[in-house]
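Novice: Model the following, please.
(chains A, B and C)
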Amino acid sequence: MSMRLKYLLLLIIVIGVTACDQDDLLNGNFSSSNDVNSSILNETEDYFIEKIGDVVLFEVDNSGLTALAKLTLDKQADWLSLNIGYQVLIEGHADEQGTRDYNLALGARRAQIVKEYLISRGVDPSNISIVTYGKERPIENCSAEVCWSQNRRAVTVVNALSKG
Amino acid sequence: MMRYLKLFFIILFIFPCFALAQDKPLRITITDGVAEPLPLAIPKFLSEVIAVKEVAKNISFLVSEDLTKTGLFRIIPDDAHISKITNFKALLLYSDWKAINAQGLISGAVTITKLKNRDCEDPRGCLVVKYKLFDIFSENIISAKAVFSEPGDWRSIAHKIADDIYFHLTGEIGYFNSKIAFISESGMKNERLKRLALMDYDGANVEFLTDQSDIVLTPKFSPDGSHLIYTSFKLGMPQVYIMNLRTKKADVLDERIQMSFSPEFSPDGNSIVMSVVNDANTDLYIVDINSGIRRRLTSGPAIETSPSFSPDGSKIVYESDRSGTQQLYVLPLGVGEGRRISFGGGSYGTPVWSPNGDLIAFTKKSGRRFHIGVMRTDGSEERLLTSSFLDEAPTWSPNGRVIMFFRNKAGSRGSSSVFSIDISGRNLRKIVTPNSGSDPSWSPLLN
Amino acid sequence: MEAFSETNMQTGAIISGWGHLIVIGLAALSGPIFEDSKDNELSISEVSIVSLSEFDILQKRFEKDFDTPVTLINKNNDELLDDQSQQDNVNKEDTENLENEIEVDQDIAATSTPSIDSPELPEVVNSTPSGFDTNVSIVGEDVALNLDVPEGVKLESPDQNFDINVDTKPYPKLLEDVEKAEAISKTNSSEISNIEEVLAEDNSVPEQTITQPIIDALIAELSSAPMRSVRPKGRSLDDSILQVEPAEQVAQNEIIASISNEPIQSARNAPAGPPLTQREKDNLRVSVGRCWNKTSLSREALEVTVTILFNMSEAGYPESDSIKMVDSFGGAANATKIAYDTARRAILVCGRRGFDLPEEKYAQWKTIKMVFDPIKLRIK
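Specialist: Have a look, this model is predicted:
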């Protein structure tokens, strides 16, 4: 029950901020977005990675979002809704247990599902793009479930728009 | 009842015939034989000038290597030979070769000379290898040819000779004078560097086509061997590129497409079929290279990838997870839907149609093992040829007799290597490359 | 790699004159191998392959053009050749003649009828027993001239045949061949390809082995020939003759038998003895099967069933000259050829020590029809 309340609260904030933002965008004022409500949340990329969490994990050969993943994505959505000046790239990855081609497709599917979830949580679709790396860029090297589970992931990479 | 009676009369009728016909040949039907490498003698090729002594030795050695590596032939060591070949034109003493059970013999003579019909850059002229292939027990010459090229290309000469011998002894086109496009790999799994590269079929003459700044994947030869199509992350996402192997220039195949991968040429070389990512869905598209016209071949929420054409260009085989697991499907182009052909346990991927059209090679995952296998085009007669932690991406030799694939070792270094195996499941061999190698694609027969 | 660009550079240079001819000749010869690469831009470098005889002819001409020192003997012959070819300028006609000739030769080889142009045959041939045809005459020439292998080639290079001057008077038959070879190299490519095809087919026809009478005849001929010293060092002809091989022995036996025809005749008429028991047949089946090696059979050839008819000597050896295919099904010509070669090899390889068959039943197994059905050999 309290969760829902929290979401509701966040949603209200998001909507509010989005409204502000649109003004900025209309004025072509991309970089100035940092000024907005910087006092409430830390807007740096590091903060996003460290405190929000940029990674969500998947089950084997699966692109469904786990409860834990959704929790992380909710936080990401919140942050992204508040920090408008970022381009979002979602990387989809797979573990090494699959063919190269299939894993590329699977990575794309994972990334897209994350993207859709974030959009459903209010993130501006025009700022989100996806890429798949398939099994080409694992973060853990061992050939065991303990590593594979870390490699089946989607990473939300945020880049300040001004940087291109 | 009538049938038995008839049979009885027939037997009655035939028997006296046999008894009387003593002049008739004895009839024997043989259904069983042996499977042993055919013993061949390849005495060191003669050098007609001192300058080619070493090359002559190398060429006969490489011809022997090529033939031995097929698993179909066994080379009788020189020291077991009774007579030596000292003159290319001399009469062959068949008895000496029969005595050591040599069933074929290749004699050769090497020289460097100027040729009327061919200018070679080397001031001494062209390297010329004359050779004869003898059938020892039938006492005749099966093939007698001269091969010539720049002296530096002696490996190609040797491969060409081996191709000719292979053809005359097996009835199948050889595959020695061919190239492999592959991905040369280095570094740990999480920071692996990949380069597009070419090598001879035996791993010699590795040539890099890209630097290591971008991830490159799954190169495939055009049917004429003039181009490569592959996936590169040059622009930050997987996109299909086409490279002209003469100019080494590469272009994005279709700039309008965001993410695409797993490209494969049509047999006529005019179109490319590949996977294109649309939202969460990966579908197959066919692109006409000249007009740029795109056509979608599959739709629906499933992943469709790893397409491969039948040699006649009328169908493609691909993998789809529409059933819930990855399985193989055959799609007749222009009509109808993909029909599932794989029903064994586990999941199937990277199907590749054989050049002869009768088999499909694939990667299969069952449990935690990966296999390379072959099946008929209707999915029947599945045979698994290999098994390891990770075997992937079969590619056919030009004659459809051998399959190359890559094997990835487990563990953090976990390097990949290219292997070859006969479709009988015998003769597994590692192709030795300077670095790790993956994603092999076998060229057509060259030259 | 610069090798890639080399191809195109070279291509231009090659398409002219003899180069053109050779390339086309090559296409005809190597068939599918070459076709694959016709518009092939990727090639390691240009590697050309031609038949040895074609190569020798072209190279010969080239050396002549460059006035490469050749032996006096060769020169004489070359001059002879030139005279000849100048005399008959009508190349086309010559080529046609040659084509006819080759066809005829093939027929001869197949049926073993006496040579048609026997009046022009060299003496060597005339001194051989009748029934040996032009094919053998060329074998004889090769042996007599330079100890070359017994090839039944009609288009064998002139230099091979003219390395040594056997006699002051030329060999008309041989000269004709050379003339024709010259004619071929001058005529257009399509004709060449025809000829090459014929030759390629011809290659597959098993060649006659040298039998003792021919060798005897050759010795007789050679002993009167003035050029022994010019022969290549290493193995002398006598050495090779003294080598008694099983196959030759068999051939010899047969000849002895055929001189006194009685035994065979009587064997035929005599009671043949009881038919072979199943066990005896199985023995034979197993002993041939032991040498029937499927390894090198192509998948297509593994579909082909061939039926082979051959004669056995009384001593239990297969007579290699008698081996012929009488039936086949299940494959195209090339696959059938390989299937036949492999089956024939099985008979000859395992038959070289003789098959264990009951002597008293010789008439039962004098002729054997062997069906090679690779049903159990197919790759499964």
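Novice: Spatially, what comes nearest to B:Lys315 if we skip its sequence neighbours?
Specialist: Nearest non-adjacent residue to B:Lys315, counting by Cβ to Cβ, 6 or more residues apart in numbering or on different chains: B:Pro332, 5.1 Å away. All C-beta spots, glycine's among them, are computed from the backbone N, C-alpha and C.
Novice: That neighbour: how many residues sit nearby?
Specialist: B:Pro332 has 13 neighbours, counted by other Cβ atoms under 10 Å in any protein chain shown.
Novice: same check, this time on the one 10 residues further on
Specialist: Number of residues near B:Ser342 (other Cβ under 10 Å) recorded here: 25.
Novice: That one: what secondary structure?
Specialist: Following DSSP: H, G, I helix; E, B strand; the rest coil, the label given to B:Ser342 is coil.
Novice: And for whichever residue of chain A sits closest to chain C, the neighbour number?
Specialist: Residue of chain A nearest chain C, by Cβ to the nearest Cβ: A:Arg100 (24.1 Å). A:Arg100 has 27 neighbours, counted by other Cβ under 10 Å.
Novice: State the distance from it to A:Asn83.
Specialist: Separation of A:Arg100 from A:Asn83 (Cβ to Cβ, to the nearest Å): 35 Å.
Novice: was I right about the residue nearest to B:Lys315 contacting B:Ser314?
Specialist: Yes. Contact criterion Cβ atoms under 8 Å: B:Pro332 and B:Ser314 qualify, at 6.4 Å.
Novice: Without its sequence neighbours, what residue ends up closest to the residue positioned nearest the centre of chain B?
Specialist: Residue closest to the average C-alpha location in chain B (Cα atoms, centre = their mean): B:Ser397, at 1.1 Å. What sits nearest to B:Ser397 in space, not counting adjacent residues and going by Cβ to Cβ, 6+ apart, is B:Tyr175, at 4.1 Å.
Novice: what's the burial count for that neighbour?
Specialist: Using other Cβ under 10 Å: B:Tyr175 sits among 25 other residues.
Novice: residue ranges with poor pLDDT in the chain?
Specialist: No chain in the question, so chain A it is. A:1-43, A:162-164 (pLDDT under 70).
Novice: actually it's chain B I care about, not the one you picked
Specialist: Low-confidence segments of chain B, defined by pLDDT under 70: B:1-23, B:447.
Novice: what's the domain layout of it?
Specialist: As assigned by automatic domain parsing, chain B contains the domains B:38-170, B:179-442.
Novice: Any idea which of those gets closest to A:Asn62?
Specialist: Within those, the stretch nearest A:Asn62 is domain B:179-442; the backing value is 10.9 Å (Cβ to Cβ).
Novice: Can you show me the strands along chain A?
Specialist: Assigned by DSSP state E, the strands in chain A fall at A:55-57, A:86-93, A:128-134, A:153-160.
Novice: Paired strands for the second one, with orientation please.
Specialist: This means strand A:86-93. Paired strands of strand A:86-93, with direction, are strand A:128-134 (parallel), strand A:153-160 (antiparallel) (DSSP bridges).
Novice: before we move on, the earlier item: got a markdown table for the domains of chain B, with distance to A:Glu91 too?
Specialist: Shown next, in a markdown table, are these (distance: least, Cβ to Cβ, whole Å):
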| stretch | distance to A:Glu91 |
| --- | --- |
| domain B:38-170 | 42 |
| domain B:179-442 | 10 |
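Novice: Look at C:Glu280 and give its secondary structure.
Specialist: In three-state terms, and counting by three-state DSSP, C:Glu280 is helix.
Novice: list the contacts for the residue lying closest to it once chain neighbours are set aside?
Specialist: Excluding the flanking residues, the one nearest C:Glu280 by Cβ to Cβ, 6+ apart is C:Pro358, at 6.3 Å. The contact partners of C:Pro358, by Cβ atoms under 8 Å, 6 or more residues apart in numbering or on different chains, come to C:273, C:276, C:280.
Novice: Can you list the residue ranges for helices in chain B?
Specialist: B:2-20, B:53-69, B:94-99, B:154-170 (DSSP state H).
Novice: Contact partners for B:Lys218?
Specialist: No Lys there; residue B:218 is Thr. For B:Thr218, the contact set (Cβ under 8 Å, 6+ apart) comprises A:100-101, B:183, B:230-231, B:261-263, B:393, B:439, B:441.
Novice: Just the pLDDT at the residue nearest to C:Glu280, thanks.
Specialist: Model confidence at C:Pro358, given as pLDDT, is 88.
Novice: What separation do you get for it and B:Gly174?
Specialist: C:Pro358 is 45 Å from B:Gly174, by Cβ to Cβ.
Novice: and if you look at C:Arg345?
Specialist: If you go by Cβ to Cβ, the gap between C:Arg345 and B:Gly174 works out to 20 Å.
Novice: B:Asp312 too?
Specialist: Separation of B:Asp312 from B:Gly174 (Cβ to Cβ): 23 Å.
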